[in-house]
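>>> got a predicted structure here, sequence first:
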Amino acid sequence: MLFEGDPSAAAISDDGVPPELMDQIRGDLRERDRTVEVWDENWEPFEVFRLTLTQWRVSFGGPTGLDYTAVSAVMGLRSVEDPADCLERVRVMELEYLRRFSEAR
């Protein structure tokens, strides 16, 4: 499947989210001006990750990880077939995002 950018960048709410994290998220969404390939087996986890981009737990140092309660809720609403596998794939994306956020600081 192909994913061509996400026009929802402007729709992200910044209620209670540090401005620098929102700037990073918006910047990441703006960077998606190119088409990337998402393997079929990763499409469902990618969608869950994309839908939970505003659900980061944050501390004084920035994001610490996704709120897994929200991830679980999204997986339930999307009727994910294998929640354990989906969560593991979402965690790979989460850790990569945290690594890049850390490097950018």
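Nice, thanks for sending it over. The structure displayed is predicted, hence computed values, not measured ones.
>>> which helix or strand contains residue 76?
Mapping residue 76 onto the secondary structure by DSSP states H and E places it in helix 68-77.
>>> now that helix: buried residues?
Applying a neighbour-count criterion of 16 or more other Cβ atoms under 10 Å, the buried positions in helix 68-77 are 68, 70-72, 74-75. (C-beta placed from N, C-alpha, C; glycine too.)
>>> now it: mean pLDDT?
With pLDDT averaged residue by residue, helix 68-77 scores 97.
>>> show me what that helix is packed up against.
helix 40-51, helix 83-104 (3 or more Cβ pairs under 8 Å, 6 or more residues apart in numbering; DSSP states H and E).
>>> among those, which is the most enclosed?
The densest packing among these, expressed as mean neighbour count by mean count of other Cβ atoms under 10 Å, is seen in helix 40-51 with a mean of 17.
>>> tell me the angle of it relative to helix 68-77?
120 degrees (axes from the mean of the first three to the mean of the last three Cα atoms, to 10 degrees).
>>> what lies in contact with helix 40-51?
Contacting residues not belonging to helix 40-51 are listed as 1, 3, 6, 38, 71, 74-75, 78, 80-81, 85-86, 89-90, 93-94 [Cβ atoms under 8 Å, 6 or more residues apart in numbering].
>>> using TSV, lay out the buried residues of helix 68-77 together with distance to residue 43.
What follows is those, written out as TSV (distance: Cβ to Cβ, whole Å):
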residue	distance to residue 43
68	20
70	19
71	16
72	19
74	14
75	14
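>>> the helices and strands packed on helix 68-77: which one's closest to residue 21?
With respect to residue 21, and counting by Cβ to Cβ, the nearest of the helices and strands packed on helix 68-77 is helix 83-104 at 7.8 Å.
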